[in-house]
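[1] I'll drop the sequence and a predicted model, then ask my questions.
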There are 2 protein chains.
Amino acid sequence: MREIEGGISAIDGLSACGIRRDRYGLALIACSGIAAGVFTRNKVRAAPIDLTSKNLAREGRLDGVIANSGCANAYTGARGLEDAGEMAGILAEILKTERSRIAVASTGVIGRYLDIDLLKALAEEAKGSFSETPQASQDAARAIMTTDTRIKEAAIEHGGIKVAGICKGAGMIEPNMATMLAFLYTDAKISREDLAESLAEAVDSSFNMLTVDGDTSTNDMVLITATGKQSCQKEVFKEALSHVCTTLARKMARDGEGASKYMETVVSGARTDMDARLAAKAVSRSNLVKTAIYGEDPNWGRIVCAIGRSGADFDPNDITLRLQGAGGEVTLVDRGRIVDGVLEEAERLMKGKEIYILIDLHSGEGHARSFGCDLTHEYIDINANYTT
Amino acid sequence: MREIEGGISAIDGLSACGIRRDRYGLALIACSGIAAGVFTRNKVRAAPIDLTSKNLAREGRLDGVIANSGCANAYTGARGLEDAGEMAGILAEILKTERSRIAVASTGVIGRYLDIDLLKALAEEAKGSFSETPQASQDAARAIMTTDTRIKEAAIEHGGIKVAGICKGAGMIEPNMATMLAFLYTDAKISREDLAESLAEAVDSSFNMLTVDGDTSTNDMVLITATGKQSCQKEVFKEALSHVCTTLARKMARDGEGASKYMETVVSGARTDMDARLAAKAVSRSNLVKTAIYGEDPNWGRIVCAIGRSGADFDPNDITLRLQGAGGEVTLVDRGRIVDGVLEEAERLMKGKEIYILIDLHSGEGHARSFGCDLTHEYIDINANYTT
């Protein structure tokens, strides 16, 4: 597996452009192929989610994606659905295709109508810069940012095929925070069923294990389009797709709202993978663990407490808990026994920017990994005044 | 129903004392009667939880409660259980009763052993001040505080009986944050079964609907002791107990770690009470709602979003959402329709210290109420450096 440059522009036949004006951004991506998607499980679904999931179910193919930041077009009723259709129309006209072959995505404030005239003006201005260069991938990635501080791209080559993606946001698909959008592309030749199955699996171990604040957005969407130019084995494709999704998930966690530290939790030895997932998610979702990481405070009892309420089945007296940080590792609890005299070393390790919490439940073979970040003053600043 | 003075000292035959030294605090309460309890559902249960729940199950009666702050005696294995037994012994000796008639409770840092010698010294010093005065209730309430900024007491008279309680903490029993402890007393004559049933019901609509940060402690405990001196009707007792528990839950929410505003969420018109509970809890648990309240930002889409991911069954297009704050009320969404031109008024109302979020799901008769607070910079300060 080899990382390559260019973001989604690494995929042959894809072209894109992106533009920002004030709070609004607009990304246009042209790429034809069979397609699959994963959508928010929030009962309140934004209009673009309804529209795109219906189109995908019916057509099974996409010719392009139009995505805006600045307004989520969520909780906007019939008018919202019309507006999402209008958005599809903007790109369908440029690409000379059917509206039903266009995916629409939105992210931003809930409960506001889209400014369709502004989006049309932005598209008019941007469409001249459609290109297949790495710059195009970056422009599209930048256009969909909201509270993101950096663009997020990934691309790899593996067993003769390429998989690439851009995304925005910093949360889980469920639960999720600021909307998470990811647009993935591959040149792999693969059936639609295998594509959908591979996407669901990759999302489950990457975006679904990512948490910033435990909220689920109304607008979460992950799409993949496969151009089908390169034959490949299904397992090779799955490996490549998982790798790209995990890379993007880590980038989102590192750029979590207000994050000062990246935090990865690895649970092994769980009774089942599901137990491991529950435990890993509970740790990365705990405000008390997140603030302790921020404060570089080795208050590991909060980690044990989070595992305890996670719903995972395990023996509380047989946990091993280790911490990896600035160039070292320390064992805090060894098979249920509190290790003496290590808190100073733990404090030193916590001064690093990347903290790994390693938990062995000694109950089986279950394994999971979750991606998160600390909870900081900046998170409060960002979220206390978002609409105003 | 009439509020009365004196906290738990309002109950005839109860005497108490309390003392603090640095981070440690010790409360001693003497009161004999049948008793019932509700304990944390965290899989990691602190030693005092194990000890007290076993004793209560066996004896069904209590002669007293000994509770310390400063150390949770959680995740402390066999030595922790011995230490909890020693604590029971301290009060049993003073009261000349059996250890098994003493409830033990602890709150503080997890994964540290109790300083039993210090607790013995504190008890030795405090026991001379055992009294039946209102001061004794306050001293006991103060002794169990950790990050609490105020003592929390409640007492009422209703239908000839009295119910009173003290508590500490600011969280839910499940999920819960900083440990929540509540010690309730009544002079009602009631069977042990009715006492346990009434307690479970009252806890469900009060402490279990309280959230500060969604963490569940290893040490949560609610105890009630009934001296049986006053005959009463079961329904009257239930009303009185619910009232006291709800009063204490509100006090804990108002004193939530770092809270600058109190936030109460009332869900009506849900399909079932369970749907209403899910929706109400999801709102008060959402970091995004909590930071918006802190920022006085009427970003109501976050409230709708939280209800949407709560698991409650409802029609997203038929929600009514109102906000009550500084001396007024505003309707933001009316049966699914976004109300125009009210955001300025909503902003004004949000400047109040008490914010009520009123949600009607128009799907049935289900009703619930949750108690919470905003998420502030001070929360981060308090929790980023708790052990050190």
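    Received it, and whenever you're ready, just let me know what you need.
[2] use CA for all of it now, contacts and neighbours both
    Will do.
[3] Run me through the strand neighbours of the longest strand belonging to chain A, direction for each.
    Looking across chain A with DSSP state E, the single longest strand is strand A:24-39. Each strand paired with strand A:24-39, and its direction, by DSSP bridges: strand A:15-21 (antiparallel), strand A:61-71 (antiparallel), strand A:221-231 (antiparallel).
[4] could I get that strand in CSV with only the CA atoms?
    C-alpha atoms of strand A:24-39 as CSV (Å, rounded to 0.1, in the frame of the first residue of the first chain):
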residue,chain,number,x,y,z
TYR,A,24,-20.7,29.8,2.1
GLY,A,25,-18.6,27.4,0.1
LEU,A,26,-19.4,25.3,-2.9
ALA,A,27,-17.6,22.2,-4.2
LEU,A,28,-18.4,20.6,-7.6
ILE,A,29,-17.0,17.2,-8.4
ALA,A,30,-17.5,15.4,-11.8
CYS,A,31,-16.8,11.7,-11.9
SER,A,32,-19.0,8.9,-13.3
GLY,A,33,-19.4,5.4,-12.0
ILE,A,34,-21.4,3.1,-9.8
ALA,A,35,-21.9,4.5,-6.4
ALA,A,36,-22.9,3.7,-2.8
GLY,A,37,-23.5,5.8,0.3
VAL,A,38,-23.9,5.8,4.0
PHE,A,39,-26.2,8.4,5.6
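[5] if we can go back for a sec, which of the strands paired with strand A:24-39 sits most buried?
    The highest mean neighbour count among the strands paired with strand A:24-39, using mean count of other Cα atoms under 10 Å in any protein chain shown, belongs to strand A:61-71: a mean of 25.
[6] contacts for it?
    Contact partners of strand A:61-71, identified using Cα atoms under 8 Å, 6 or more residues apart in numbering or on different chains, comprise A:23-36, A:56, A:87-88, A:91, A:95, A:97, A:101-110, A:112-114, A:143-146, A:225.
[7] Put the buried members of these into a ChimeraX selection.
    Filtering these down to the buried ones (16 or more other Cα atoms under 10 Å in any protein chain shown) takes a single ChimeraX command:
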select /A:24,25,26,27,28,29,30,31,32,33,34,35,36,56,87,88,91,95,101,102,103,104,105,106,107,108,109,110,112,113,114,143,144,145,146,225
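[8] nearest to residue A:264, of the strands paired with strand A:24-39?
    strand A:221-231 (21.9 Å; Cα to Cα).
[9] pLDDT value on residue A:111, please?
    With respect to pLDDT, residue A:111 scores 85.
[10] And residue A:91, its phi and psi?
    Phi and psi for residue A:91, reported as degrees, to the nearest 10, are phi -80, psi -40.
[11] Once you drop chain neighbours, what's closest to it?
    Using Cα to Cα, 6 or more residues apart in numbering or on different chains and skipping residues adjacent in sequence, the residue nearest residue A:91 is residue A:66, 6.5 Å away.
[12] Just grab the bridge partners of that neighbour for me.
    Beta-bridge partners, per DSSP bridges, of residue A:66: residue A:28, residue A:104.
[13] gap between it and chain B?
    With distances taken as Cα to the nearest Cα, to the nearest Å, residue A:66 is found 23 Å from chain B.
[14] Likewise for residue A:160?
    On the measure of Cα to the nearest Cα, residue A:160 and chain B end up 40 Å apart.
[15] which intervals of the stretch 51-200 of chain A have sub-threshold pLDDT?
    Residue ranges of the stretch 51-200 of chain A with pLDDT under 70: A:170-178.
[16] returning to that earlier point: next secondary structure after the longest strand of chain A?
    helix A:47-59 (DSSP states H and E).
[17] what's that next one in contact with?
    So helix A:47-59 is contacted by A:35-37, A:39-40, A:62, A:73-77, A:80-81, A:84-85, A:100-106, A:219-221 (Cα under 8 Å, 6+ apart).
[18] still on that earlier bit, tell me the gap between the longest strand of chain A and the middle of its chain.
    Averaged C-alpha coordinates place strand A:24-39 at 15 Å from its chain's average position (Cα atoms, centre = their mean, to the nearest Å).
[19] between it and helix A:47-59, how many degrees?
    50 degrees (axes from the mean of the first three to the mean of the last three Cα atoms, to 10 degrees).
[20] tell me the mean pLDDT for strand A:24-39?
    For strand A:24-39, mean pLDDT rounds to 94.
[21] do the same with stretch A:352-368
    96.
[22] domains of chain A?
    A:2-254, A:262-384 (automatic domain parsing).
[23] Can you lay out the ones you listed as TSV showing distance to residue B:326?
    Shown next, in TSV, are the domains of chain A (distance: least, Cα to Cα, whole Å):
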stretch	distance to residue B:326
domain A:2-254	24
domain A:262-384	19
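[24] who wins for proximity to residue B:157 among those domains?
    Across these, closest to residue B:157 is domain A:262-384 (Cα to Cα), at 36.8 Å.
[25] quick check, that closest one touching chain B?
    Yes: shown here: domain A:262-384 in contact with chain B (Cα under 8 Å from any Cα of the partner chain) through A:286-288, A:291-302, A:304-306, A:308-309, A:311, A:316-317, A:338, A:375-377, A:380, A:383-384.
[26] Before I go, just wanted to say thanks for your time.
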